[in-house]
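Engineer: Okay, sequence plus prediction incoming.
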Amino acid sequence: MALPALAQDKTTIEWWYANGGRIEEAIQEMIADFNTSQDDYEVVGVRKGNYEETFAAMIAAYRVGQHPTIIQATERSFLTMLYSDAAVPVNQLMAEQGYDTDWSDFIAPVADFYVVDGAPAALPFNSSTGIMWFNADHFEAAGFDKPAETWDEFEEQLYAIKDQGISECGMVLNSDFPWSLLEGYSTINDYPFGTEANGFDGLGTEYVYNTTPVVQQVEGLKRWIDDGIIQLSGNGMSPAQLFNSGTCSTWSASTASHAGVEAEAQFNWSATLQPHEAGVEPHNSNIGGAALWVLQGKADEEYAAAAAFIDFVAQPETQAWWSEQTGYVPVTNAAYELMADQGFFEEYPTREIALLQLTRHEPTENSRGMRFGNSNQWWAVLLEELEAVWTDQKSAQDALDSSVARGNEILRQFEQLHAGS
């Protein structure tokens, strides 16, 4: 009697990611859907901690040849990944594996960030941008429909909410507030953050945000802190909890906060575009989040699996589902159109705000985003200097001057390390 043929073993690859909570649940569901959609490949998703922890784990594993096939890495690590020679450019991978990916369909401000020499180096995945969340009950009580479009008028609203006794906290600062309120502020108002098109045109870039209205923006935030408009933290509550509890009236945070706000806020809430300066034509905001990188040193069948998974992730249906589940923006126009055609944005209008903000202006040299080397090191320096402003140890100008000087030293270190690459 002939024995039954053994089932063909699937090619298994690992994807290391950094998201927890509801986002992780969506990631695992996406992986499960891919694994059941075909019989050749299996993706195993492994969370290695936050973004920094996951990135550090990947570096350590790569050095000993125990790295995953796919890694989720933030936009701040873009140049490190690019110059590491550890990644296979995603367009090269897809072409070699026979996939005809339409890269022109990716939403411009998102795709442009990951494009090098006309081709994408990584697949945009959980892309986000900062939007302005607000307590609609507080604003209605103060006689306002929503946060104003300009910063001057927005400031008047926050003082009115406090003066009328509606809320003792007009705004809570997120832990990553410079991303939306300084970097995003610069892109929206088309102010340069650094030379060389914010680093897109070369490693010789230098920070210059200490010479722009970012200085006045920091001075304004300091004034709000001193006047009790802004709350930094309190009673062990996170910024998300301070907003979702109804304590604070506004919160500038990622569109990916939708999952938490929708589940936890017990009041009438909404969201709108970030303010811009008066007299300025608002540009697109900056992107955040992360991308999927495929790493070197794997077998051909593992690259076939990676390409199949990336193709699955990039499909309009997958992108639309992912955005609906998480609040992250869909990264292709096809997915955006699919969600619109299905009436999703009519039912959930705040889900479209990030897309409207990202696409309202063709990206310029100042609004394409930030591409600086060793960005995490500079980020720590900036937060340290801003803390000196909040505690009256330095003026806004002095702190930003210092952060620029220290940041430019970090940029030179990165440039020297990768000179000639």
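Structural biologist: All right, it came through fine.
Engineer: Now the terminal residues of stretch 228-244, how far apart.
Structural biologist: This stretch, stretch 228-244, spans 19 Å end to end (CA to CA, to the nearest Å).
Engineer: And for stretch 141-155?
Structural biologist: Terminal residues of stretch 141-155 lie 16 Å apart, using CA to CA.
Engineer: May I see the buried residues of the helix or strand in which residue 340 is found?
Structural biologist: Using DSSP states H and E, residue 340 sits in helix 333-341. Neighbour counts over helix 333-341 (16 or more other CB atoms under 10 Å) mark 333-336, 338-339 as buried. For glycine as for every other residue, the C-beta is placed from the backbone atoms N, C-alpha and C.
Engineer: for the stretch 151-300 of the chain, what spans make up the strands?
Structural biologist: Assigned by DSSP state E, counting those that start in this stretch, the strands in the stretch 151-300 of the chain fall at 169-172, 230-231, 248-254, 269-272, 288-295.
Engineer: residues contacting residue 208?
Structural biologist: Contact analysis of residue 208 by CB atoms under 8 Å, 6 or more residues apart in numbering lists 192-195, 404.
Engineer: I'd like those laid out as JSON lines, including neighbour count.
Structural biologist: Formatted as JSON lines, those follow (neighbours: other CB atoms under 10 Å):
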{"residue": "192", "neighbour count": "20"}
{"residue": "193", "neighbour count": "24"}
{"residue": "194", "neighbour count": "22"}
{"residue": "195", "neighbour count": "17"}
{"residue": "404", "neighbour count": "21"}
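Engineer: coming back round to it: quick one: distance of the helix holding residue 340 to the chain centre.
Structural biologist: Its chain's C-alpha centre and that of helix 333-341 lie 21 Å apart, by CA atoms, centre = their mean, to the nearest Å.
Engineer: Narrow the contacts of residue 208 to those in helices?
Structural biologist: 195, 404 (DSSP state H).
Engineer: so how far is residue 249 from the spatially most central residue of the chain?
Structural biologist: The chain has residue 288 as the residue nearest its centroid, 1.6 Å off, counting by CA atoms, centre = their mean. Going from residue 288 to residue 249 by CB to CB, to the nearest Å gives 23 Å.
Engineer: Equivalent analysis for residue 207, please.
Structural biologist: Residue 207 sits 32 Å away from residue 249 when distances are taken as CB to CB.
Engineer: Which one's more surrounded, the two?
Structural biologist: Neighbours were counted for residue 207 and for residue 249 using other CB atoms under 10 Å; residue 249 has more, 28 against 25.
Engineer: Retrieve the pLDDT associated with the more buried one.
Structural biologist: Residue 249 carries a pLDDT value of 98.
Engineer: So, low pLDDT: which residues of the stretch 301-421 of the chain?
Structural biologist: Along the stretch 301-421 of the chain, segments meeting pLDDT under 70 span 420-421.
Engineer: how about the helices of it, start to end?
Structural biologist: Assigned helices in the stretch 301-421 of the chain, in chain order: 316-326, 333-341, 344-347, 353-359, 375-390, 396-417 (criterion: DSSP state H, counting those that start in this stretch).
Engineer: what do you get for the stretch 51-200 of the chain?
Structural biologist: 51-63, 78-83, 90-96, 108-114, 136-141, 151-163, 177-178, 184-189, 195-198.
Engineer: Show me what the fifth one packs onto, helices and strands only.
Structural biologist: Right, the one you point to is helix 136-141. The contact analysis (3 or more CB pairs under 8 Å, 6 or more residues apart in numbering; DSSP states H and E) places helix 136-141 against helix 151-163.
Engineer: measure residue 51 to residue 75 for me?
Structural biologist: 10 Å.
Engineer: what residues do the two have in common as contacts?
Structural biologist: residue 290.
Engineer: Compare those two and say which one has the larger neighbour count.
Structural biologist: residue 75 (24 against 19).
Engineer: what sits against the more buried one?
Structural biologist: Going by CB under 8 Å, 6+ apart, residue 75 touches 113, 287-291, 369-370.
Engineer: which element is the nearest residue to residue 10 once chain neighbours are set aside on?
Structural biologist: Excluding its sequence neighbours, the residue lying closest to residue 10 (CB to CB, 6 or more residues apart in numbering) is residue 42, at 4.4 Å. Element membership for residue 42, per DSSP H and E: strand 41-47.
Engineer: Can you name every helix or strand that that strand contacts?
Structural biologist: Under the contact criterion of 3+ CB pairs under 8 Å, 6+ apart, strand 41-47 touches strand 11-17, helix 21-37, helix 300-314.
Engineer: Export the ones you listed as CSV, with columns for distance to residue 399 and mean neighbour count.
Structural biologist: Converted to CSV, these look like this (distance: least, CB to CB, whole Å; neighbours: other CB atoms under 10 Å):
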stretch, distance to residue 399, mean neighbour count
strand 11-17, 35, 20
helix 21-37, 33, 16
helix 300-314, 41, 20
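Engineer: Of the ones you listed, which is nearest residue 117?
Structural biologist: Closest approach to residue 117 among the helices and strands packed on strand 41-47 (CB to CB): helix 300-314, 19.8 Å.
Engineer: Can you check the distance spanned by stretch 389-397, start to finish?
Structural biologist: With CA to CA as the measure, stretch 389-397 spans 9 Å from end to end.
Engineer: Over to stretch 36-49?
Structural biologist: Using CA to CA, one end of stretch 36-49 lies 26 Å from the other.
Engineer: what's it in contact with?
Structural biologist: Stretch 36-49 has contacts (CB under 8 Å, 6+ apart) with 8, 10-20, 24, 27-28, 31, 34-35, 54, 57-58, 68, 70, 304-305, 308-309, 312.
Engineer: Centre of the chain to stretch 367-383, how far?
Structural biologist: In terms of CA atoms, centre = their mean, the centre of stretch 367-383 is found 13 Å from the chain centre.
Engineer: Check the helices of the stretch 51-200 of the chain for me and report the most buried one.
Structural biologist: Stretch with highest mean neighbour count among these: helix 184-189 (a mean of 27; mean count of other CB atoms under 10 Å).
Engineer: From the contact counts, what lies against that one?
Structural biologist: Applying 3+ CB pairs under 8 Å, 6+ apart, one finds that helix 184-189 contacts helix 214-226.
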